[in-house]
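Peer 1: pasting the structure only:
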């Protein structure tokens, strides 16, 4: 009977080995499949007369795999997934910006400053006024378009990240189920290779999404998985992740039912999406908002101190301001002051008043109260907005420069000074004129004006013998003085406030008083409704005379001014850096992704060499096993014939 037993064991081995080879061939192109190899061992027939006689059995079916190689692939997969996701997203942003017309913003910015410069050349042109207002609106629209696109991109990244988290939860849940099935199969004495391959493929898919840490690769082990220090799979139990936002508005992940949101995550597609949302998009938004805010602020700070062809104002209403001290509600306001001019329209008499403020102490109501205390002005808060109104027969504005009459005087003589010119200095200053000598203007020898600024002597002007009364004398920086006939007394003084800017605190622009632009960011940038509906409100003039182009020219010159808030770049240069930074990010991401892909491909090739299925090799095994099956069948058949012959003899 031993031959029958031996032959039967060979048939069983051949049959099972044929099944394994067939499985290998069927899964030759199955992703994640590891070639299986039957381990055949001899089986001794327990007989004292035949200790060297026995059959065969398959004691184990091994998966062809290199544990270190598989671990290295898992280690590199998160980086590959992250870089691939980053490249796809950045290329999408770059492409969408091109379709939106990032160059359109460049063109709109150049057109706005160009039209402003053209307006300075023809300040009385109604057509050019309207054109400049339109170009301002186009510029604001371009900023809004790009700002909206970036916000929508951030929302899209959040939605995609939510989908990825759902995939993570599905994968970890399935891995936990396979852990259970594999352990049950092994405990029953069977092989769980195919289940282990399924599980390992899921683990690999998971590693593309998030960076994972896992234990050994043996099929009898439960694959425990952690990510970012969070246990996701422990045996048959899977922990769900959720996507959330922290108090700072950053995207992050947390365990289900946990209030702790981890935002400092990286690796895998999910890490890439969160990093892009929290860092790249935020940086791009900040860069765009910085540019928009600086254009708004720098233009408005000039616009507020000018007037348009419609002249000074009878009333003005600012933008909404939160309650509380100015340092909280208008953080861009600095300690300083602003000047308001009040004009009697009947007599032309002008008085200029200084309003001091301390942002750390003052609220909007305090500023309104000080303005309300100015002669012929009333000011109050309505709907959180500052409103200023002039009495009948009066107007007001905030023009800088110098006034025709001195700011203060101690003169007791009969001669009077007249101030004129357009102050061209870059800083506000006070000119103090001190009389040198006593006598009559244009007659007394040695009679002169000593001019001081900041305590330093800047000029000495002769107004004695040889001076023609009423003749203009150059003081400094475009300012002139003329003395009428009359007497002067030695040592007496008069002062003149020369203002390069009428609002050193930046309050008027921040509060939205007589501004060109409204808003403070790319998304909120708009042209002031009053200017948009009436182009004559565009503040072209800055001098007290009101017929110049100084303010339009000053706003046009912002195009070439390097600004500290923009990193010492001009607006156009800063915009170009914004656009080029995206291209640089794409180029860097592409280079890193290609390098990572090469590493993964090399590892894949090595893995295929170890675990892949060679059809020709398996076909050769089939032929060998077929012959084994035939030989074992012949052994059994021979034994059967022998037994039959013996039975016939009996």
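Peer 2: In hand now; what should we look at? All figures in this text were calculated on a predicted structure; none of them were measured in a lab.
Peer 1: where does the spatially most central residue of the chain land on pLDDT?
Peer 2: In the chain, the residue lying closest to the centroid (CA atoms, centre = their mean) is residue 282, at 2.3 Å. With respect to pLDDT, residue 282 has a value of 90.
Peer 1: so who does it touch?
Peer 2: Neighbouring residues of residue 282 by CB atoms under 8 Å, 6 or more residues apart in numbering: residue 154. (Glycine included, C-beta is placed from N, CA and C.)
Peer 1: give me the buried positions along the helix or strand where it lies.
Peer 2: Using DSSP states H and E, residue 282 maps to helix 281-303. Buried residues in helix 281-303, counting neighbours by 16 or more other CB atoms under 10 Å, are found at 281, 284-285, 287-303.
Peer 1: list the contacts of the strand or helix carrying residue 475.
Peer 2: Element membership for residue 475 (DSSP H and E) is strand 473-476. Residues outside strand 473-476 that contact it (CB under 8 Å, 6+ apart) are 421, 425, 431, 449, 451, 453, 458-459, 461, 463, 480-482.
Peer 1: now the element after it, going C-ward?
Peer 2: strand 479-483.
Peer 1: what comes into contact with the next helix or strand after that next one?
Peer 2: Scanning forward in sequence from strand 479-483 by DSSP H and E, the next helix or strand is strand 487-488. The contact list for strand 487-488 (CB under 8 Å, 6+ apart) reads 411, 413, 414, 415, 435, 437, 438, 439, 440, 441, 447, 463.
Peer 1: generate a ChimeraX selection restricted to the buried entries among those residues.
Peer 2: To isolate the buried members of those in ChimeraX, using 16+ other CB under 10 Å:
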select :411,415,435,437,439,440,441,447,463
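Peer 1: just the contacts of strand 487-488 now: which is nearest residue 572?
Peer 2: residue 463 (48.4 Å; CB to CB).
Peer 1: dump the residue contacts of that closest one.
Peer 2: Per CB under 8 Å, 6+ apart, neighbours of residue 463: 441, 442, 447, 448, 449, 473, 483, 488.
Peer 1: pLDDT below threshold where in this structure?
Peer 2: Applying pLDDT under 70 to the chain picks out residues 1-3, 46-52, 97-103, 216-221, 544-546, 640, 648, 650.
Peer 1: how does it divide into domains?
Peer 2: Per the record, the chain has its domains at 2-64+612-649, 69-283+578-602, 408-498, by automatic domain parsing.
Peer 1: can you put those in JSON lines and add distance to residue 337?
Peer 2: Formatted as JSON lines, the domains of the chain follow (distance: least, CB to CB, whole Å):
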{"stretch": "domain 2-64+612-649", "distance to residue 337": "73"}
{"stretch": "domain 69-283+578-602", "distance to residue 337": "28"}
{"stretch": "domain 408-498", "distance to residue 337": "9"}
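Peer 1: tell me which of these lies nearest to residue 347.
Peer 2: The nearest among the domains of the chain, by CB to CB, is domain 408-498 at 16.4 Å.
Peer 1: endpoints of the closest one, how far apart?
Peer 2: End-to-end span of domain 408-498 (CA to CA, to the nearest Å): 13 Å.
Peer 1: likewise stretch 222-232?
Peer 2: So stretch 222-232: terminal residues 13 Å apart, CA to CA.
Peer 1: for it, buried residues please.
Peer 2: Residues 222, 223, 224, 225, 226, 227, 228, 230, 232 are the ones in stretch 222-232 that count as buried (16+ other CB under 10 Å).
Peer 1: contacts only, for residue 200.
Peer 2: Contacts of residue 200 by CB under 8 Å, 6+ apart are 32, 34, 70, 217, 223.
Peer 1: and of these, the nearest to residue 10?
Peer 2: residue 34 (26.7 Å).
Peer 1: measure that closest one to residue 63 for me?
Peer 2: 4 Å (CB to CB, to the nearest Å).
Peer 1: then residue 168?
Peer 2: Distance, residue 168 to residue 63, using CB to CB: 26 Å.
Peer 1: of those two, who's got more company?
Peer 2: Between residue 168 and residue 63, residue 168 has the larger neighbour count (other CB atoms under 10 Å), namely 25 against 19.
Peer 1: Three-state assignment for the more buried one, please.
Peer 2: helix (DSSP: H, G, I helix; E, B strand; the rest coil).
Peer 1: does it touch residue 205 like I think?
Peer 2: No - between residue 168 and residue 205 there is no contact under CB atoms under 8 Å: 9.9 Å.
Peer 1: let me see the ranges of the helices in this protein.
Peer 2: Ranges of helices in the chain, per DSSP state H, are 2-26, 67-100, 102-121, 126-187, 193-209, 268-275, 281-303, 326-329, 364-372, 507-511, 529-533, 550-556, 571-611, 615-649.
Peer 1: hang on, the earlier thing: greatest separation within the contacts of strand 487-488: which pair is it?
Peer 2: That would be 414 and 437, which, of the contacts of strand 487-488, are the farthest apart (CB to CB) at 15.4 Å.
Peer 1: re the thing from before, how about the contacts of residue 200, which pair is most distant?
Peer 2: Using CB to CB, the contacts of residue 200 span at most 14.7 Å, a distance reached by 34 and 223.
Peer 1: just to revisit the earlier point, save the helices of the chain as JSON lines, and put in distance to residue 346 too.
Peer 2: Output for those, formatted as JSON lines (distance: least, CB to CB, whole Å):
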{"stretch": "helix 2-26", "distance to residue 346": "103"}
{"stretch": "helix 67-100", "distance to residue 346": "54"}
{"stretch": "helix 102-121", "distance to residue 346": "31"}
{"stretch": "helix 126-187", "distance to residue 346": "28"}
{"stretch": "helix 193-209", "distance to residue 346": "78"}
{"stretch": "helix 268-275", "distance to residue 346": "67"}
{"stretch": "helix 281-303", "distance to residue 346": "28"}
{"stretch": "helix 326-329", "distance to residue 346": "36"}
{"stretch": "helix 364-372", "distance to residue 346": "22"}
{"stretch": "helix 507-511", "distance to residue 346": "27"}
{"stretch": "helix 529-533", "distance to residue 346": "26"}
{"stretch": "helix 550-556", "distance to residue 346": "26"}
{"stretch": "helix 571-611", "distance to residue 346": "43"}
{"stretch": "helix 615-649", "distance to residue 346": "105"}
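Peer 1: re earlier: need the residues touching each of residue 34 and residue 63.
Peer 2: 193, 197, 611.
Peer 1: among these, who's most crowded?
Peer 2: Busiest of the shared contacts of residue 34 and residue 63 [other CB under 10 Å] is residue 197, holding 22 neighbours.
Peer 1: check contacts around it.
Peer 2: 30, 32, 33, 34, 63.
Peer 1: out of the residues you listed, grab the one that's most surrounded.
Peer 2: Using other CB under 10 Å as the neighbour test, the contacts of residue 197 are led by residue 34, with 26 neighbours.
Peer 1: so that residue makes contact with residue 613?
Peer 2: No - contact criterion CB under 8 Å: residue 34 and residue 613 do not qualify, at 9.1 Å.
Peer 1: tell me which residues in stretch 556-571 are buried?
Peer 2: 556, 558, 559, 563, 566, 569, 570, 571.
Peer 1: residue 202 contacts residue 176, correct?
Peer 2: No - the criterion here is CB under 8 Å, and residue 202 misses it with residue 176 at 10.2 Å.
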